[in-house]
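S.K.: Based on what follows, work out the 3D shape:
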Amino acid sequence: MGLQRQVLSLYRQALRVSRDKGGEPVARIVRKEFEEFRHVDRKNFSRIEYLLRKGSKQLETLKMSSVKKITTDAS
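M.R.: Here you go, the predicted structure:
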């Protein structure tokens, strides 16, 4: 599977999980995280692969039944 498909698949999975973990506020966080890295150069494969691994780990954490909600750092 190509990187673009992997990114889109991760995004869709994260949005689905967000419904069970707090709905729209969590979905906004998911969208914000993806938007933050939207402008990574398409040819920077190592960076994209790193972000995919990081996102997959975050998604697995979010899927855990012990996770009830998530918050962001107030900056």
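S.K.: Only the buried residues of the helix-or-strand element of the chain with minimal mean pLDDT, if you could.
M.R.: For the chain, using mean pLDDT, DSSP states H and E, the weakest element among its helices and strands is helix 24-36, scoring a mean of 86. Of all the residues in helix 24-36, those buried under the rule 16 or more other C-beta atoms under 10 Å are Val26, Ala27, Ile29, Val30, Glu33, Phe34. Where C-beta positions appear, they are placed from N, C-alpha and C, glycine not excepted.
S.K.: which one among those residues gets closest to Ala14?
M.R.: Closest approach between the buried residues of helix 24-36 and Ala14, by C-beta to C-beta: Val30, at 4.5 Å.
S.K.: you'd agree Val40 is up against Leu51?
M.R.: Yes - between Val40 and Leu51 there is a contact at 7.0 Å, judged by C-beta atoms under 8 Å.
S.K.: So between the two, which is more surrounded?
M.R.: Taking neighbours as other C-beta atoms under 10 Å, Val40 and Leu51 compare with Leu51 leading, 19 against 13.
S.K.: picking up where we left off before, and the least confident helix or strand of the chain, how far out from the chain's middle?
M.R.: Here helix 24-36 is found 8 Å from its chain centre; the criterion is C-alpha atoms, centre = their mean, to the nearest Å.
S.K.: again, but for stretch 56-67
M.R.: Relative to its chain's centre, stretch 56-67 lies at 11 Å (C-alpha atoms, centre = their mean).
S.K.: Can I get that stretch in CSV, CA atoms only?
M.R.: Only the C-alpha atoms of stretch 56-67 are listed here, as CSV (Å, rounded to 0.1, in the frame of the first residue of the first chain):
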residue,chain,number,x,y,z
SER,A,56,-0.3,4.3,14.6
LYS,A,57,1.1,4.1,18.2
GLN,A,58,-1.1,7.0,19.3
LEU,A,59,-4.1,5.4,17.7
GLU,A,60,-3.5,2.1,19.5
THR,A,61,-3.2,4.0,22.7
LEU,A,62,-6.5,5.8,22.0
LYS,A,63,-8.2,2.5,21.2
MET,A,64,-7.4,1.1,24.7
SER,A,65,-10.4,0.6,26.8
SER,A,66,-8.8,2.4,29.8
VAL,A,67,-8.6,5.6,27.7
